[in-house]
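**Student:** Give me the fold of what follows.
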Amino acid sequence: MAVVVAEMPEKDVLLEQDSGVVSHCLVIEEDVVGQGTRLSAADRRRNARLERLRELVPVENAILGIDLADVKQHAVLCDHDSRVVKRWKVTAKAWQLEALLDRSVEQAQRAGFASVTVACEPTGHRWQIVQQLAAERGLPMVCVQPLMMRRAREQEDYTTEKTDAKDSVLIARQTARLHCYVPEQVDELWGQLRHAGIRRAQLVVEATRQRQQIRDLLECVWPAVLGAAPKCLFDSATWLACLHVVLSRCDGRPERLRRAGLEAFAAAVRGELARFGGLRLQRYTIRAVWAALTDPAGVRTRRAGALHRVGWILDDFVATRRALDEVETRMVDTLNQLGLTDLVCSIPGLKPVGAAAILAETGDPSRFSHARAVVKHAGLAPRAHESGEYRGTTRLTGRGRPRLRLAAWRAVFGALHHNPALHQRYQHLTTRTHNPLSDGQARASLAATLLRWIHVIVTQRLPFHALTTTRHLTPAA
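**Tutor:** Next comes the predicted model:
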């Protein structure tokens, strides 16, 4: 790089020195010219997102920042330089904020603004109420992420001080800087799918907890009955029916059932089989449980009480499974009404329930501008750590919807062995020479791939086999 040093004459010096003596000034010029490059796809998407936000937060509008709470609401009307025009402290529920919105529009117009843009944090369910009230009045609305608010509090005065009055101003300030996002607009069908998906996630956690409790208690007081079960004991309707018969009739002492004989025990199990969704008895399981009735292994002093407790948990487990089946049926029905079942299930290995669980968390995929946005929404996007020539370790962001990340992760387990593209991608990621991934890392990458596939399939309304030749659905995607 050539450096040109030019000496300016005294007559070209623009600044007078305090001493009255004009010194010679050296001007250094570098013949460095930046080489222009085209905008990247990320630049274009970011610009489009900012343009969309600017339409909702025009400079002609004042910003109404609301810090939502149960009863006491703090609101502030600000311009785009965060100057406070008007402040309100309202004692009302979120449903009673119509008067606040109307007064804010009147105050903004008196101050010379065209209208108002409403902004708030997504606090619980209350932001949805404000969203509907604003839509009824034709007012645009945006939300500010709580994480952004936490960072803004530190930037304000280098502390983490939090007050409702201060937060309302920070909400307006972040909105003026376009550090906000457009909240999801949900229609009735997508709303039903969202709530059914949340309920399903709760039931899956509850069923898992009940399985673990039953296993732990039986391992403590009656381990022999666990050995009598198949490998996946809670998938065996015969074993569950045997356990129910024993726990409901033995009064904490399994050996008592030996008096009636094996055939009477098998007949009782046959009568309870339908309760657990079974159709055919497994005779070897009945004989194994029958043999375990007199096994003395386990903590004998706790056996009677623990077996009573296992019986109660087993009843809860049956009710949970019944509720889970009902919710999953409703989710698939909603997916059928949206006309998406055949599309998303065209991906080999992806079942309707798994697809419905994913779409319940994403909402309508068309609201995302790009497939990568869905991956980022799930927290499965890679996070680079680079500076100059330094290349650090790349990890997942982990920011986004945890339930969406979990739904995609679970779907990969079922689809991996039935989807050649996923299997090929998994083999490449785990066996490549440079930077091979572990099993968990590879599955996380496949979960991101599955989300990209679903976005492309739903938004373009094309089945999987019609897109296998595109860059979106290649094994390397």
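**Student:** When you work out contacts or count neighbours from here on, use the C-alpha atoms and nothing else.
**Tutor:** Fine.
**Student:** can you list the domains in this structure?
**Tutor:** 55-176, 193-331, 341-385+394-466 (automatic domain parsing).
**Student:** Mind putting these into a markdown table with distance to residue 42 and mean pLDDT?
**Tutor:** Converted to a markdown table, the domains of the chain look like this (distance: least, Cα to Cα, whole Å; pLDDT from 0 to 100):
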| stretch | distance to residue 42 | mean pLDDT |
| --- | --- | --- |
| domain 55-176 | 20 | 94 |
| domain 193-331 | 29 | 93 |
| domain 341-385+394-466 | 10 | 93 |
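**Student:** which residues of the stretch 201-350 of the chain fall in helices?
**Tutor:** 223-227, 237-249, 262-272, 283-292, 300-337, 341-344 (DSSP state H, counting those that start in this stretch).
**Student:** mind listing what the residue nearest to residue 246 when sequence neighbours are not counted touches?
**Tutor:** In space, residue 246 comes closest to residue 254 once its chain neighbours are excluded; the distance is 6.2 Å by Cα to Cα, 6 or more residues apart in numbering. Taking Cα atoms under 8 Å, 6 or more residues apart in numbering, we find residue 254 in contact with 246-247, 293-294.
**Student:** Most neighbours of all those residues, which one?
**Tutor:** Highest neighbour count within the contacts of residue 254: residue 246, with 25 neighbours (other Cα atoms under 10 Å).
**Student:** ok, so what distance separates that residue from residue 418?
**Tutor:** 39 Å (Cα to Cα, to the nearest Å).
**Student:** Please apply the same query to residue 77.
**Tutor:** When residue 77 is compared with residue 418 (using Cα to Cα), they lie 56 Å apart.
**Student:** and if you look at residue 163?
**Tutor:** For residue 163, the distance to residue 418 - Cα to Cα - is 54 Å.
**Student:** Which one's more surrounded, those two?
**Tutor:** residue 418 (14 against 11).
**Student:** For the closest residue to the more buried one other than its chain neighbours, give me its contacts.
**Tutor:** Sequence neighbours aside, residue 349 is the residue nearest to residue 418 in space, at 5.0 Å (criterion: Cα to Cα, 6+ apart). Contact partners of residue 349, counting by Cα under 8 Å, 6+ apart, are 414-419.
**Student:** 6 Å instead, please
**Tutor:** Neighbouring residues of residue 349 by Cα atoms under 6 Å, 6 or more residues apart in numbering: 415, 418-419.
**Student:** Reformat these as a markdown table; add secondary structure and distance to residue 276.
**Tutor:** Formatted as a markdown table, those follow (DSSP: H, G, I helix; E, B strand; the rest coil; distance: Cα to Cα, whole Å):
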| residue | secondary structure | distance to residue 276 |
| --- | --- | --- |
| 415 | helix | 27 |
| 418 | coil | 28 |
| 419 | coil | 31 |
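**Student:** can you put those in CSV and add distance to residue 425?
**Tutor:** Shown next, in CSV, are those (distance: Cα to Cα, whole Å):
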residue, distance to residue 425
415, 12
418, 13
419, 10
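**Student:** and which of those is nearest to residue 451?
**Tutor:** residue 415 (12.7 Å; Cα to Cα).
**Student:** With adjacent residues omitted, what lies nearest to the residue nearest the centre of the chain?
**Tutor:** The centroid of the chain falls nearest to residue 401 when counting by Cα atoms, centre = their mean (1.6 Å). Excluding its sequence neighbours, the residue lying closest to residue 401 (Cα to Cα, 6+ apart) is residue 378, at 5.1 Å.
**Student:** Report the separation between that neighbour and residue 197.
**Tutor:** 15 Å.
**Student:** and if you look at residue 304?
**Tutor:** For residue 304, the distance to residue 197 - Cα to Cα - is 38 Å.
**Student:** out of those two, which sits in the more crowded spot?
**Tutor:** For residue 304 versus residue 197, neighbours defined as other Cα under 10 Å are more numerous around residue 197 (26 against 18).
**Student:** hang on, the earlier thing: relative to residue 48, which of the domains of the chain is closest?
**Tutor:** The nearest among the domains of the chain, by Cα to Cα, is domain 341-385+394-466 at 9.2 Å.
**Student:** ends of the closest one, how far apart?
**Tutor:** 16 Å.
**Student:** State the separation between that domain and the centre of the chain it belongs to.
**Tutor:** In terms of Cα atoms, centre = their mean, to the nearest Å, the centre of domain 341-385+394-466 is found 13 Å from the chain centre.
**Student:** again with stretch 188-206
**Tutor:** On Cα atoms, centre = their mean, the centre of stretch 188-206 falls 13 Å from that of its chain.
**Student:** quick one: contacts of that stretch?
**Tutor:** 331, 357, 360.
**Student:** buried set for it?
**Tutor:** Residues of stretch 188-206 classed as buried by neighbour count (16 or more other Cα atoms under 10 Å): 190, 193-194, 196-197, 200-201, 203, 206.
**Student:** From those, pick the one nearest residue 94.
**Tutor:** Using Cα to Cα, these come closest to residue 94 at residue 194, 22.1 Å.
**Student:** For residue 46, the count of nearby residues, please.
**Tutor:** For residue 46, the neighbour count with other Cα under 10 Å is 12.
**Student:** now swap in the one 3 residues further on and tell me
**Tutor:** Around residue 49 sit 16 other residues, with neighbours defined as other Cα under 10 Å.
**Student:** chain center to the strand or helix carrying it: distance?
**Tutor:** Taking DSSP states H and E as the definition, residue 49 sits inside helix 41-56. A distance of 23 Å separates the centroid of the chain from that of helix 41-56, by Cα atoms, centre = their mean.
**Student:** got a list of contacts for it?
**Tutor:** residue 140.
**Student:** for the residue nearest to the centre of the chain, phi and psi?
**Tutor:** Here is the backbone geometry of residue 401 (degrees, to the nearest 10): phi -90, psi 110.
**Student:** Now do it against residue 221, distance only.
**Tutor:** 40 Å.
**Student:** Same check on residue 252?
**Tutor:** For residue 252, the distance to residue 221 - Cα to Cα - is 10 Å.
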